[in-house]
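J.: For reference, the sequence and a predicted model appear below.
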Amino acid sequence: MSQTELERGVSEVLIDEDRLRARVVELGEEISADYAGRDLLLIGVLKGAVFFMADLMRTLAIPCEIDFMAISSYGAQTCRLAGSRASRFRIR
C-alpha cells in the first residue's frame, strides 16, 4: 500500500504531526524529570505502540527498559492478556 493510498483512507486529521511531535517531547521531558534516579520500564501493547515508544524513548534523558504485551479480545466482555512475548531491552 502506497502513502497516497493510506492518505486517501484518512477522512480527517485530528492532531497534526507537529503538535503530536511536540507533545511527545513534552512527555519525554516530564518522564525524565519524574523518574530521574529511578528505574523506568516502558510497557507497550503489541503491535501499535512500537512507533510511539520509539519516538518517546528518543526524547528521554534517562536510561529505560522496554517490554511489550500482547492482548487478545474475545467478544464484547472478555479480554485476555497474553503476557510479555518480547524480551526486555535495556536502553541507555
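T.: Okay, I see it.

J.: mind listing what the longest strand seen in the chain pairs with, with the direction of each?
T.: Scanning the chain for the strand with the most residues, using DSSP state E, yields strand 64-74. Applying DSSP bridges, strand 64-74 is found paired with strand 41-45 (parallel), strand 78-84 (antiparallel), strand 89-91 (antiparallel).

J.: Only C-alpha atoms, please: export the first one in CSV.
T.: Yep, that's strand 41-45 we're talking about. Provided in CSV are the C-alpha atoms of strand 41-45 (Å, rounded to 0.1, in the frame of the first residue of the first chain):
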residue,chain,number,x,y,z
LEU,A,41,10.2,0.4,32.5
LEU,A,42,8.0,1.3,29.5
ILE,A,43,5.4,-1.2,28.6
GLY,A,44,3.6,-1.1,25.3
VAL,A,45,0.8,-3.1,23.7
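
J.: in that strand, what's buried?
T.: Neighbour counts over strand 41-45 (16 or more other C-beta atoms under 10 Å) mark 42, 44 as buried. For the C-beta atoms, the positions are set from N, CA and C on the backbone; glycine is no exception.

J.: List the contacts of it.
T.: For strand 41-45, contacts defined as C-beta atoms under 8 Å, 6 or more residues apart in numbering pick out 50, 52-53, 56-57, 64-71, 88.

J.: Could you turn the buried ones of those into a ChimeraX selection?
T.: Listed next is the ChimeraX selection for buried residues among the contacts of strand 41-45, using 16+ other C-beta under 10 Å:
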select :53,56,57,64,66,68
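
J.: top helix in this protein by residue count?
T.: Looking across the chain with DSSP state H, the single longest helix is helix 17-34.

J.: and that one, what does it pack onto?
T.: Using 3 or more C-beta pairs under 8 Å, 6 or more residues apart in numbering; DSSP states H and E, the elements in contact with helix 17-34 are helix 50-59.

J.: Just give me how far the longest helix of the chain sits from the chain centre.
T.: 12 Å (C-alpha atoms, centre = their mean, to the nearest Å).

J.: now that helix against helix 50-59, angle please.
T.: Helix 17-34 runs at 60 degrees relative to helix 50-59, counting by axes from the mean of the first three to the mean of the last three C-alpha atoms, to 10 degrees.
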